[in-house]
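Novice: Need a 3D model of the sequence below.
(chains A and B)
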There are 2 protein chains.
Amino acid sequence: MPKASAGPEIERLIQLLARLPGLGPRSARRAALHLVKKREQLLTPLADATRAAAERIVTCSVCGNIDTSDPCAICADGERDGRIIVVVEDVADLWALERAGILNARYHVLGGVLSPLDGIGPEELSIAGLVARASEPGVEEIIIALNATVDGQTTAHYLTDSLRHLPVKITRLAHGVPVGGELDYLDEGTLGAALRARTAF
Amino acid sequence: MPKASAGPEIERLIQLLARLPGLGPRSARRAALHLVKKREQLLTPLADATRAAAERIVTCSVCGNIDTSDPCAICADGERDGRIIVVVEDVADLWALERAGILNARYHVLGGVLSPLDGIGPEELSIAGLVARASEPGVEEIIIALNATVDGQTTAHYLTDSLRHLPVKITRLAHGVPVGGELDYLDEGTLGAALRARTAF
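Specialist: Have a look, this model is predicted:
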């Protein structure tokens, strides 16, 4: 990256910002300049917020969520329905489901999906932990909420095999037309799945 | 913005990141998650870098550049040609010219351009400071390097009027075809300017 000619502090800030997803070298420079211009409103608060996050955020040893407490707020929440565990690939997916606000269950973050090409096998994922949790008394259903990609679905099949010996119901998210989606823009796989899973009006 | 369900520290981080240019609410969430996952490599260094920048970066009282010293490294550099002052709108423009590495002059950051609609008049810009610097002995040329926009060119004319009584040469950047540019994609104004300013082969 070419120099920004504003001293090593700014250079360092630009380099770190450029490593964030969604920011390249040029936008990192714009962002750094914006930060420096808005020192009181943005730069100092961001310094405080990153420091606080670095010091306080931990990974939940139960479900793999990130929070400031271990177990996380969701695992520690007595109001949550302990009969259902929702398996997600990543914390971002957990957040997405929580934002939707349609579930009151607990989660299990796998930390990825099986991907032989990337060297990610069952040992790299939190599968043993899931089987252990699914074996606990009171657990009735495991909802596999992985992405509808090839790797996601391969992992879903592997999980189903790993959990089959347990007395729990294993379900997965439905495929179909996204709400607001237009048929013309959907692929054949989605249309086929939506047709096969059609429901009575 | 919907909650990310990961405690106030993450929420705060997302909110601040979302205020950076180039990041929206969704990409700020991705960036925050990426930061938290790469705590040692990214989050802690970013906390240190933002803190260092917030504490050490100052605005140069001579030219308006930002740096860790006042006067800035460029103004304090005895090797720079003090006969030429390059007027730019913004620190980002100063950086762009420095990256090009074609000048060894000093700069003057206006801090914006005249824009009556936005309530930006001559008093809001660092014009008095420019006139004072241009009046100093030894200054021979003021290069007006403002954007080729309507506001930029209006400001350039205003600056020319403000500096006309001084014994300095006032120049501006040439208009023309950008290097690597294709005529087919250029507007008529640029083509006209390039044609009028044609040079002998």
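Novice: how far is stretch A:136-144 from where the chain is centred?
Specialist: 20 Å (CA atoms, centre = their mean, to the nearest Å).
Novice: er, stretch A:173-181 actually
Specialist: 19 Å.
Novice: and that stretch, how far apart are its ends?
Specialist: 17 Å (CA to CA, to the nearest Å).
Novice: got a list of contacts for that stretch?
Specialist: Under the criterion CB atoms under 8 Å, 6 or more residues apart in numbering or on different chains, residues A:143, A:144, A:145, A:148, A:183, A:186, A:190, A:191, A:193, A:194, A:197 lie in contact with stretch A:173-181. Backbone N, C-alpha and C define where each C-beta goes, glycine included.
Novice: Just among those, which is most surrounded?
Specialist: Among the contacts of stretch A:173-181, residue A:144 has the most neighbours (other CB atoms under 10 Å in any protein chain shown), with 23 neighbours.
Novice: Relative to chain B, how far out is that one?
Specialist: 20 Å (CB to the nearest CB, to the nearest Å).
Novice: Run through the bridge partners of that residue.
Specialist: Beta-bridge pairing for residue A:144 (DSSP bridges): residue A:87, residue A:172.
Novice: That one touches residue A:171, doesn't it?
Specialist: Yes. Contact between residue A:144 and residue A:171 holds when scored by CB atoms under 8 Å: they sit 7.0 Å apart.
Novice: thinking again about what came up before, looking at the contacts of stretch A:173-181, spot the one nearest residue A:121.
Specialist: Each of the contacts of stretch A:173-181 was scored against residue A:121 by CB to CB, and residue A:144 proved nearest at 18.2 Å.
Novice: Give me the pLDDT value at the closest one.
Specialist: Residue A:144 carries a pLDDT value of 93.
Novice: show me what contacts it?
Specialist: So residue A:144 contacts A:87, A:156, A:159, A:160, A:170, A:171, A:172, A:173 (CB under 8 Å, 6+ apart).
Novice: Also residue A:108?
Specialist: For residue A:108, the contact set (CB under 8 Å, 6+ apart) comprises A:63, A:64, A:85, A:86, A:87, A:88, A:126, A:129, A:130, A:133.
Novice: Compute the distance between the fifth one and residue A:68, please.
Specialist: Residue A:87 sits at a distance of 23 Å from residue A:68 (criterion: CB to CB, to the nearest Å).
Novice: More neighbours: which of these two?
Specialist: Remark: of residue A:87 and residue A:68, residue A:87 carries more neighbours, 26 against 17, as counted by other CB under 10 Å.
Novice: isn't the more buried one right next to residue A:142, touching?
Specialist: Yes. Under the criterion of CB under 8 Å, residue A:87 makes contact with residue A:142 at 6.2 Å.
Novice: so where is chain A shaky, pLDDT-wise?
Specialist: Chain A contains residues with pLDDT under 70 at A:1-6.
Novice: Strands along that one, start to end?
Specialist: A:58-59, A:66-67, A:81-88, A:105-109, A:141-144, A:169-172 (DSSP state E).
Novice: domains for chain A, by residue range?
Specialist: The record assigns chain A these domain ranges, following automatic domain parsing: A:15-56, A:66-172.
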